[in-house]
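Engineer: Sequence and predicted model, in that order:
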Amino acid sequence: VSTLLPLPGKRREPFLNENAYHRGTSLVVQCLGLHTYTAGDQIQPLVRELRSHMLRSVAKNKPTLSHPLMTWVSSLLLVSPGKTQSRQIIVIIHLRKKMPASDAEVHLVLGDQKLESNIMYNGDSVLAEAWLEENEEGTHSLKCSVNLGEKDRRTRSNVTIYSFPVPTLTLSPPEVSEWTTVAVECVTRDGAAVTLNGISAEPPGPRAQLKLNVSADDHGSNFSCSAALKIAGQVVHKNQTRELHVLYGPRLDQRDCLGNWTWQEGSEQTLKCEARGNPIPKLNCSRKGDGASLPIGDLRPVKREVAGTYLCRATSTRGGVTREVVLNVLYGQNILDIVIPVVAVVLILGALGTAGYIYNYQRKIQIYELQKARKAQEEAALKLHAQSTPP
């Protein structure tokens, strides 16, 4: 059984070799999994959780072999950035109920290094914790021996120690003005392969980069870098993301501020008018004439007093922009004042259309009558000419 012990990492890894077994002459070894944690994590609760999980597994899977011992091996990584890197080997030994677990002696050896163990007892189970300082990458042999009276049981498992930090994803520069070029680069350790925004490096390798000319629409875009490393036949993934910040001046177009509202007096309305930009611009809307402020963002009953034409100005350190907006409020006489002119315009247009139609119709009749008279004259002239010609 090979268990992977990562060097510093920033993410919790899924269980590896969860159901792998190695059957020796006297012990059964099961690798329950591994976790990686950063220094900011609450380590002790995680250790207790892992112990509890192991003990539940022991209770559920009582050994039925003729051999009296069953050993569960797992690992827990604790990272201390800038200092030493500590790794914890946890071994649980389950004994038959009649055997005094407190008399068991547990010895752990990693390669040629004997590990100092902290032994804890829980009923008929023994939990051994060993801490080690090991910076060398590679595969090591983990040996476990248990002495109980004259009984001596041994087993071993291969442990692979590796270093695979999250990839480095850089935006250069991380904050830019629109219409400038940004370089995006993803780098990981040698031997790993990266993909940048889902696109693999060509040829596959530990470095990928791209350049793009950014606009305001790119503000807030996320770039992702994924690194994959094959270790002991398994592929481990690490990911990193970065957000792009684009500096651009205020925007206040129709999608941000409609610019023309017509509401019924007394109705509940929310006036939406918001400027875009980075940095976020300040917006001020004042009515022409008296400078009254436009009630933006609040749900409130519409009053006729707020009607008018407003000038909205958005400003930031990147500049300013102005937009004129109109708020109409429909009420009583106001409705008649609007409806009557509209009806009058419709009637006038209808009358003009009718007059035009009649005029055009009469004109066509006159043209037809004129053509008919001209044709009759031509026929009479031809007849007269035929009679005056001698035979």
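Structural biologist: Sure, I can see it.
Engineer: Okay, now the unreliable bits of the stretch 51-200 of the chain?
Structural biologist: Flagging of the stretch 51-200 of the chain using pLDDT under 70 yields the residue ranges 51-101, 123-124, 131-137.
Engineer: 90 - rerun?
Structural biologist: Low-confidence segments of the stretch 51-200 of the chain (pLDDT under 90): 51-166, 174, 198-200.
Engineer: what ranges do the strands span in it?
Structural biologist: 70-78, 86-94, 105-110, 113-115, 117-122, 125-133, 138-148, 151-162, 168-172, 175-177, 181-187, 193-196, 199-200 (DSSP state E, counting those that start in this stretch).
Engineer: what's the closest of those strands to P301?
Structural biologist: Smallest distance to P301 across the strands of the stretch 51-200 of the chain (Cβ to Cβ): 43.3 Å, for strand 175-177. For the C-beta atoms, the positions are set from N, CA and C on the backbone; glycine is no exception.
Engineer: For the closest one, buried residues please.
Structural biologist: V176 (16 or more other Cβ atoms under 10 Å).
Engineer: Okay, now the sheet partners of that strand, with direction.
Structural biologist: Paired neighbours of strand 175-177 in the sheet (DSSP bridges): strand 245-251 (parallel).
Engineer: Out of the strands of the stretch 51-200 of the chain, which gets nearest to R255?
Structural biologist: Closest among the strands of the stretch 51-200 of the chain, using Cβ to Cβ: strand 175-177, at 22.5 Å.
Engineer: If you count neighbours, what's buried in stretch 184-195?
Structural biologist: Buried residues in stretch 184-195, counted by 16+ other Cβ under 10 Å: V184, E185, C186, V187, T188, A192, A193, V194, T195.
Engineer: As CSV, the residues you listed with distance to S293 would be great.
Structural biologist: Output for the buried residues of stretch 184-195, formatted as CSV (distance: Cβ to Cβ, whole Å):
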residue, distance to S293
V184, 43
E185, 48
C186, 49
V187, 52
T188, 54
A192, 58
A193, 58
V194, 53
T195, 51
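Engineer: Let me know the closest of these to K211.
Structural biologist: Lowest distance from K211 to the buried residues of stretch 184-195 (Cβ to Cβ) belongs to V184, with 7.4 Å.
Engineer: hang on, that closest one packs against S221?
Structural biologist: No: taking contacts as Cβ atoms under 8 Å, V184 lies outside contact range of S221: 10.2 Å.
Engineer: helix/strand/coil for I280?
Structural biologist: Per DSSP: H, G, I helix; E, B strand; the rest coil, the local secondary structure of I280 is coil.
Engineer: show me what contacts the residue nearest to it when sequence neighbours are not counted?
Structural biologist: Sequence neighbours aside, S316 is the residue nearest to I280 in space, at 7.1 Å (criterion: Cβ to Cβ, 6 or more residues apart in numbering). By Cβ atoms under 8 Å, 6 or more residues apart in numbering, the residues touching S316 are G249, P250, G277, P279, I280, P281, K282.
Engineer: quick one: the residue nearest to the fourth one when sequence neighbours are not counted from L252, how far?
Structural biologist: Right, P279. Of all residues not flanking P279 in the chain, S316 sits nearest, at 5.2 Å (Cβ to Cβ, 6+ apart). Using Cβ to Cβ, to the nearest Å, S316 is found at 11 Å from L252.
Engineer: got it, and R287?
Structural biologist: Here the criterion is Cβ to Cβ. By it, R287 lies 17 Å from L252.
Engineer: higher neighbour count, those two?
Structural biologist: L252 (23 against 17; other Cβ atoms under 10 Å).
Engineer: any idea of the mean pLDDT for the lengthiest helix in the chain?
Structural biologist: In the chain, with assignment by DSSP state H, the single longest helix is helix 332-388. The average of the pLDDT scores along helix 332-388 is 75.
Engineer: One more: stretch 303-322?
Structural biologist: Here the average pLDDT along stretch 303-322 is 94.
Engineer: got the CA positions of it in CSV?
Structural biologist: Written as CSV, here are the backbone C-alpha positions of stretch 303-322 (Å, rounded to 0.1, in the frame of the first residue of the first chain):
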residue,chain,number,x,y,z
LYS,A,303,-46.1,62.1,-6.2
ARG,A,304,-46.7,64.7,-8.8
GLU,A,305,-44.2,67.0,-7.1
VAL,A,306,-41.2,64.9,-8.3
ALA,A,307,-42.1,65.3,-12.0
GLY,A,308,-39.6,67.1,-14.1
THR,A,309,-36.4,67.0,-16.1
TYR,A,310,-33.2,66.1,-14.2
LEU,A,311,-29.5,66.2,-15.0
CYS,A,312,-27.7,63.2,-13.7
ARG,A,313,-23.9,63.4,-13.4
ALA,A,314,-21.6,60.5,-12.5
THR,A,315,-18.0,61.4,-11.5
SER,A,316,-14.9,59.5,-10.3
THR,A,317,-11.1,60.0,-10.5
ARG,A,318,-11.3,58.6,-14.0
GLY,A,319,-13.6,61.4,-15.3
GLY,A,320,-17.3,62.3,-15.5
VAL,A,321,-20.4,61.8,-17.6
THR,A,322,-23.8,63.6,-17.7
